[in-house]
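Enquirer: Here is a sequence together with a model predicted from it:
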Amino acid sequence: MIESVCKSKKENKVFVVGLDGATVGLIEKWVKEGKLPNIANLMHEGAYGKLKSVPNLNSAPAWTSMMTGKNPGKHGIFYFYEKTYGSYDIRYINGGDRKSETLWSILSRSGKKVGVVNVPMTYPAEKLNGFMISGFDTPDINTPGATYPPTLCDEIKENIDGYLIHTGINALAAGSNFNKNFDEAISKGYSSINSRAELSMYLMNKYEWDFFMVVFCETDHIQHFAWKYMDTEYSEYDPEGAEKYGDIILKYYQKCDEAIGRLLSVVPEETTVIVHSDHGFGPAEKGTRYLNAFLEHIGLLQYKNNIKETPYNFATGKSYLLGKAYEFAVNHTSINTKRALLKLFPRLRDKVTAVRFFDSIDWSKTRVFGENTRMELWVNQKNRESHGVVSPGIEYDQLIKYLKKELHLWHDPQTGKKVVRSVFEKKEIYHGKYLYAAPDILIIFNNDLVVNGIALKNNEDGGIVDVVKLGQISSNSNVSGHHTDEGVFLMSGKNIKRNIKLDKIEITDIAPTILSLMGQSVPSGMDGRVIADAFEDQIETKIDESIDKDDDNNYLNGKTSGYSNEDAKVIMERLKGLGYIE
């Protein structure tokens, strides 16, 4: 619920910079060392603190919670893809699947002029009182719906040389050519930061705006791949690579700090400036790659004909052949043929993806299942999954209790350390109309180790009762850094307290804080609060009870979600490169 708010006497312009994955500990360290002068000045002149992300730390729900002020149970986005309710089909999603109104839509309705650049989960671009260039979930700048107004696409290409929605850094850095391609990936990231800053300055100078936001995703991408070169305490630390790349994460932060300085040079005086991330970063613990093997070893999942490797490698059998056939159809048939196939098989892409994720699982003997890049699990429930075996109610509750107990007995066979820090049921962490769409279980791994296998310890004597060792389950990922709950939020402006550190900031707090700053009522359905401790003068906020508390999907105004076959492949490869799928 919204509490008392602090608000300046005069309505503000607000300028927001998003740094995807920016980590409060790294920023504090490098500010202290004098390496991020523009961020340091904002911190000294304003208020900052650690930002708490969404429970599963995924960027798709995190950015959506930022823009709506709501938890995923209300806005309906839990990950970059969703398991279709009632089946095992997988569907890649985008901003068109969001069920709640964004803060820039609210500002637009009130007559404010807004500009939004590269915020993830904003494709297709919304019709605003201003302009939008959609973000990470956009296949390409030339894709219909990438910009609003549509003519902005041509204007960008005419005025900004080489602007890309996504640099492809993840595709270059992923896979077997990592060492060969990493330098090119780094260079593309630098260019992307520069061109996005150049575009933002162009738009801010040319068009009137009251609210402007731009997101730089490059900080996230580089930390996924270069953490092993920076963190000397990481068990997969690479000292040889560190000689060349040990400061590459710092250099990306510095590049963004330089961009912030350039952007601030064109921001009007007395504008409130906010810099924030969607989550933090730390070492990749890699526990998710063992989840289905763990479930198998405690008797909750079974494979067909003792096939165990297919979910991890996809290199043999029906999943491989179907996947290759699908890719051939996408790449080597005409548009008309693709459309004809889509009419004959309207859910073909979803089913192909599902087969590649889950084909080897024997559903008749499986009670719980997962996907090996995601720290969440689904119960194979009757009347919900198409081949469900677990009855809702008592049987479901007993199963969850057993699963929680077993997860807390999981230890690493190499170090002996406990693997799982926390286990949550979805009802403990989400609420709202779309709770049903969330996975049943969220697992938080301890991030002070890299999981090397499965050692299940007996509660009575602590002895190991079963082991799956490193190498028995493979992963082709070069990812060494992953998301943590150590994000950052800082705010500077005329009515902001100076040089203070804030406590208990959540990502859902950003939208109501911005609305209040700009003299707007805060919808009563928002879960966030205005960050009152950051302001000098306090007055009571205005709460708008007229907006539906949980279901704002009527605001979509005919927007469509979903991807074409070609666009879905682009998004799939993008997510694969960052380790979100395999």
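Expert: Cool, the structure landed.
Enquirer: Show me the shaky parts of the stretch 201-350 of the chain.
Expert: 306-350 (pLDDT under 70).
Enquirer: any idea where the strands of it begin and end?
Expert: 211-216, 272-276, 280-283 (DSSP state E, counting those that start in this stretch).
Enquirer: same thing with the stretch 351-500 of the chain?
Expert: Going by DSSP E, counting those that start in this stretch, the stretch 351-500 of the chain shows strands at 368-370, 376-379, 410-411, 420-425, 441-445, 453-457, 464-469, 481-484, 487-492, 500-506.
Enquirer: and the second one, which strands flank it?
Expert: What it means is strand 376-379. strand 368-370 (antiparallel), strand 441-445 (antiparallel) (DSSP bridges).
Enquirer: Report the mean confidence score over the last one.
Expert: I take that to be strand 441-445. Strand 441-445 shows a mean pLDDT of 98.
Enquirer: I'd like to know which of the strands of the stretch 351-500 of the chain is closest to Leu107.
Expert: When the strands of the stretch 351-500 of the chain are compared by C-beta to C-beta, strand 487-492 sits nearest Leu107, at 17.4 Å. Using the backbone N, CA and C atoms, a C-beta is placed for each residue, glycine as well.
Enquirer: Mind listing the strands that closest one pairs with, and their directions?
Expert: Assessed with DSSP bridges, strand 487-492 is paired to strand 47-52 (antiparallel), strand 272-276 (antiparallel).
Enquirer: right, and these - which one's nearest Ile400?
Expert: strand 47-52 (24.7 Å).
Enquirer: After that closest one, which helix or strand is next? Please name it.
Expert: helix 59-68 (DSSP states H and E).
Enquirer: buried stuff in that next one?
Expert: Across helix 59-68, burial judged by 16 or more other C-beta atoms under 10 Å covers Ser59, Ala60, Pro61, Ala62, Trp63, Thr64, Ser65, Met66, Met67, Thr68.
Enquirer: cool, stretch 513-528 as well?
Expert: 513-518, 520-523, 525-528.
Enquirer: ditto for stretch 425-434
Expert: Per 16+ other C-beta under 10 Å, stretch 425-434 contains these buried residues: Glu425, Lys426, Ile429, Tyr430, His431, Gly432, Lys433, Tyr434.
Enquirer: Report the contact partners of the nearest residue to the last one once chain neighbours are set aside.
Expert: For Tyr434, the nearest residue in space outside its immediate sequence neighbours is Gly76; the separation is 4.0 Å by C-beta to C-beta, 6 or more residues apart in numbering. Residues counted as contacts of Gly76 (C-beta atoms under 8 Å, 6 or more residues apart in numbering) are Asp97, Arg98, Lys99, Ser100, Lys433, Tyr434, Ala437.
Enquirer: Isn't the third one up against Tyr434?
Expert: Pointing back at Lys99 there. Yes - judged on C-beta atoms under 8 Å, Lys99 makes contact with Tyr434 at a distance of 6.3 Å.
Enquirer: Find the residues that touch each one of the two.
Expert: The contact lists of Lys99 and Tyr434 share Lys74, His75, Gly76, where a contact means C-beta under 8 Å, 6+ apart.
Enquirer: Just the closest of those to Phe294, please.
Expert: Gly76 (28.8 Å).
Enquirer: now that closest one: how far from Tyr430?
Expert: Distance of Gly76 to Tyr430, computed by C-beta to C-beta, to the nearest Å: 10 Å.
Enquirer: Can you name the residues that contact Asp440?
Expert: Contacts of Asp440 (C-beta under 8 Å, 6+ apart): Val368, Leu377, Trp378, Val379, Gln381, Ile400, Glu425, Lys426.
Enquirer: Out of the residues you listed, the closest to Ala242 would be?
Expert: Using C-beta to C-beta, those come closest to Ala242 at Leu377, 35.4 Å.
Enquirer: Leu36 versus the closest one, what's the distance?
Expert: 39 Å.
Enquirer: Repeat that for Phe225.
Expert: Distance, Phe225 to Leu36, using C-beta to C-beta: 21 Å.
Enquirer: Looking at the two, which is more packed in?
Expert: Legend: neighbour count by other C-beta atoms under 10 Å for Phe225 and Leu36, higher for Phe225 (28 against 24).
Enquirer: Show me what the lengthiest helix in the chain is packed up against.
Expert: Looking across the chain with DSSP state H, the single longest helix is helix 178-206. In this structure, helix 178-206 makes packing contacts with strand 114-117, helix 169-173, strand 211-216, helix 218-230, helix 248-264, judged by 3 or more C-beta pairs under 8 Å, 6 or more residues apart in numbering; DSSP states H and E.
Enquirer: so which of these comes closest to Thr484?
Expert: Of the helices and strands packed on helix 178-206, the one closest to Thr484 (C-beta to C-beta) turns out to be helix 218-230, at 10.2 Å.
Enquirer: could you say what helices and strands that closest one packs with?
Expert: Packed on helix 218-230, when contacts are counted by 3+ C-beta pairs under 8 Å, 6+ apart, are helix 169-173, helix 178-206, helix 239-245, helix 248-264, strand 280-283, strand 481-484.
Enquirer: Would you confirm that Pro124 contacts Gly95?
Expert: Yes - using C-beta under 8 Å as the test, Pro124 is close enough to Gly95 to be in contact (6.9 Å).
Enquirer: Using the three-state scheme, assign the closest residue to Val215 other than its chain neighbours.
Expert: With C-beta to C-beta, 6+ apart as the criterion, Val215 has its nearest non-adjacent residue at 3.5 Å, and that residue is Gly18. Classification of Gly18 by DSSP: H, G, I helix; E, B strand; the rest coil places it in strand.
Enquirer: Hmm, Leu291 and Leu377 touching each other?
Expert: Yes - contact criterion C-beta under 8 Å: Leu377 and Leu291 qualify, at 6.8 Å.
Enquirer: residues shared between the contacts of the two?
Expert: Residues within reach of Leu377 and of Leu291 at once, by C-beta under 8 Å, 6+ apart, are Gly370, Ile443.
Enquirer: returning to that earlier point: could the buried residues of helix 59-68 be laid out in a markdown table, adding distance to Glu45 and pLDDT?
Expert: Output for the buried residues of helix 59-68, formatted as a markdown table (distance: C-beta to C-beta, whole Å; pLDDT from 0 to 100):
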| residue | distance to Glu45 | pLDDT |
| --- | --- | --- |
| Ser59 | 29 | 97 |
| Ala60 | 33 | 96 |
| Pro61 | 32 | 98 |
| Ala62 | 27 | 98 |
| Trp63 | 26 | 98 |
| Thr64 | 30 | 98 |
| Ser65 | 27 | 99 |
| Met66 | 23 | 99 |
| Met67 | 26 | 99 |
| Thr68 | 29 | 98 |
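Enquirer: which of the residues you listed lies closest to Phe80?
Expert: Nearest member of the buried residues of helix 59-68 to Phe80, counting by C-beta to C-beta, is Ala60, at 4.8 Å.
Enquirer: give the contact list for the closest one.
Expert: By C-beta under 8 Å, 6+ apart, the contact list for Ala60 reads Ile77, Phe78, Tyr79, Phe80, Ile93, Pro120, Met121, Asp137.
Enquirer: right, and out of those residues, which lies closest to Arg498?
Expert: Using C-beta to C-beta, the contacts of Ala60 come closest to Arg498 at Pro120, 31.3 Å.
Enquirer: Mind putting the contacts of Ala60 into a markdown table with secondary structure and pLDDT?
Expert: Output for those, formatted as a markdown table (DSSP: H, G, I helix; E, B strand; the rest coil; pLDDT from 0 to 100):
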| residue | secondary structure | pLDDT |
| --- | --- | --- |
| Ile77 | coil | 97 |
| Phe78 | coil | 98 |
| Tyr79 | coil | 96 |
| Phe80 | coil | 91 |
| Ile93 | coil | 90 |
| Pro120 | coil | 95 |
| Met121 | coil | 95 |
| Asp137 | coil | 83 |
